[in-house]
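> What follows is a predicted structure for the sequence shown.
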Amino acid sequence: MTMVLPDGISDASMRAGLAEMAAIVGKDWFFGPENERLAAYSDAYPIDDPGRFAPAAAIAPDGVEQIQAILRIANAHRIPLWTVSGGRNYAYGGAAPRVAGSVVVDLSRMNRIIEVNEASAYCVVEPGVTYFQLYEYLQENKIKLWLSPPEPGWASVMGNALDHGVGYTPMGDNFGFQCGMEVVLADGDIVRTGMGAMAKSNSWQLFKYGFGPVMDGIFSQSNFGIVTKMGMWLMPEPPAYRSYMVSFPREADLAAAIEILRPLRISNIIQNCGMLTSWIYEASLTGPRSDYWQGDGPIPEATKQSVIDRMNIGYWNLYAAQYGTPVIMDEYWKIIQGAFSNIPGVKFQLAEERPDLVGLQLRDLLAKGVPNMATFNVLNWTPNSGHIDFSPVSPSTGADTTWLYQLLKEETEAEGFDYIGAFIMGWREMHNVALIIYDKSNPEQQAKVRSMFGRLVQKAAARGYGEYRTHIAFMDEVARTFDFNDNAMLRLSGRIKDALDPNGILAPGKSGIWPQQTRKAQA
């Protein structure tokens, strides 16, 4: 197989560097162009020419010393690296690098659970530790701590936090609950953040800030270093728990539901991030599209209502959970029911009452910290399904949410796709996630997705809505929408990049941050 070369690097130099890297990790953990396993480091759901994001090779180090050695070689040969914790960030490009010809540094072998402290409710993990692995460790050792997993349980605990991913317990802001990192910089230097900057620190995972500037944030969604250890705060197991669904019968109920949800969430009466989804979310998890509609184009309104009635759900369905003592939960439940009952036709159902609803059971598991993979049922919606997520953040108001819903629905349906959306209420903001499902083997549908996604970025930005994460194909477009003072934040990121990684070897183009050598060409 022909090797993909990054711009400006000769075949001879690339092969020499790769041979040196292979010697560091051993042949079993180096995947060159002739190795069939290299295909796993491509985008599983392509929307573009696969060559645009094709890696030259992949390498799986087993520790910090091997990472340092790889960095020395990459600096010497100017080989770009693309680091992944597990590489399963599938709606956003998976393990594929932003720059073709990069070497993917796969950290999944570094999967040690270094510490779990039950008394202080934290863990310390390496990048390859998944939610499944950490959950099994807690169960096997009878440790009464809960995780806050995202929807796919195979995700890296560290990787999800670094990409600002969301979990579904009260501690669902996963990056917000990280505490202390170990980072290898581009020159191989090792830094520990927060209290970990003190060699004999006994509170690295207890106090985020340490002394002086707080550096942790610059290593999330960036290309300034390789994070090799991270502390995460965990949730003590509560005395009681129950999850529920609140269903709203009409499409027009969205704004009223959001206006009621916001104060309940801010006051912590709704204790975890409420997730409000359209009817099709529940339907897509339960069966393929052909079970409901076999025609072309978006599902008609009459068919939508027949599915809603048959499944006994709402047009909109809010999934949330309660934690604490039964007495407190009962009082909060009365408040929640009283508030939402102002919407005519609303229904309240506990998870234990609806074992037939896959979405509700999925939310029930996630809200009590149990990782699973049920969310991937959505890929049975159409044959050869791939998906990409459009993920803007907005104020949690009825007006903002309705405007984004109408935009997303109109754009997706105009291109012949079904709108599958979720509104995820954080502390005060709303994550408005649209799952765009398409035939990953159909070039026409891929082209429609590319064009539509670009329009969505621009139309949302024109109203002040920015994405909190995005697919590698759109990192530059999204970065440029954060345009205050002539993109001052992006310019600051460039200055940090130049200082920490002057050769530009670490993940060039990640989050729109380019090395000085290629920055003007990407502007």
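Thanks, I have it. No experiment lies behind these values; they were computed from the predicted model shown.
> before we move on, what SS does residue 55 have?
Judged by DSSP: H, G, I helix; E, B strand; the rest coil, the three-state class of residue 55 is coil.
> From residue 496, how far out is the residue nearest the centre of the chain?
In the chain, the C-alpha nearest the mean C-alpha coordinate belongs to residue 165, at 4.1 Å (C-alpha atoms, centre = their mean). From residue 165 across to residue 496, the span is 23 Å (C-beta to C-beta, to the nearest Å). Where you see a C-beta, it was placed from the backbone N, CA and C, and this is true even at glycine.
> For residue 354, give its distance to residue 365.
Residue 354 is 14 Å from residue 365, by C-beta to C-beta.
> can you map out the strands along the stretch 251-400 of the chain?
275-278, 316-324, 347-350, 385-390, 392-395 (DSSP state E, counting those that start in this stretch).
> Between those strands, which one is closest to residue 58.
strand 385-390 (21.2 Å; C-beta to C-beta).
> other SSEs contacting the longest helix along the chain?
As assigned by DSSP state H, the longest helix anywhere in the chain is helix 443-462. Judged by 3 or more C-beta pairs under 8 Å, 6 or more residues apart in numbering; DSSP states H and E, helix 443-462 is in contact with strand 385-390, helix 398-414, strand 429-439, strand 466-467, helix 475-481.
> possible to save these as TSV with mean neighbour count?
Formatted as TSV, the helices and strands packed on helix 443-462 follow (neighbours: other C-beta atoms under 10 Å):
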stretch	mean neighbour count
strand 385-390	23
helix 398-414	18
strand 429-439	23
strand 466-467	21
helix 475-481	19
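> got a markdown table for these, with distance to residue 172 and mean pLDDT too?
Compiled in a markdown table, those are given as follows (distance: least, C-beta to C-beta, whole Å; pLDDT from 0 to 100):
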| stretch | distance to residue 172 | mean pLDDT |
| --- | --- | --- |
| strand 385-390 | 17 | 94 |
| helix 398-414 | 19 | 96 |
| strand 429-439 | 11 | 94 |
| strand 466-467 | 19 | 97 |
| helix 475-481 | 23 | 97 |
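> Kindly reformat these as CSV containing distance to residue 231.
Below are these laid out as CSV (distance: least, C-beta to C-beta, whole Å):
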stretch, distance to residue 231
strand 385-390, 28
helix 398-414, 34
strand 429-439, 25
strand 466-467, 28
helix 475-481, 28
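> Residue 227 is nearest to which of those?
Closest among the helices and strands packed on helix 443-462, using C-beta to C-beta: helix 475-481, at 18.8 Å.
> hang on, the earlier thing: among the helices and strands packed on helix 443-462, which comes closest to residue 19?
The nearest among these, by C-beta to C-beta, is helix 475-481 at 30.8 Å.
> residues making contact with the closest one?
98, 454, 457-458, 461, 466-467, 470, 487, 490, 509-513, 522 (C-beta atoms under 8 Å, 6 or more residues apart in numbering).
> Quick check: nearest residue in space to residue 268, chain neighbours excluded?
residue 170 (8.0 Å; C-beta to C-beta, 6 or more residues apart in numbering).
> Pull the contacting residues for the one you found.
Listed by C-beta under 8 Å, 6+ apart, the contact partners of residue 170 are 148, 235, 268, 271, 272, 323.
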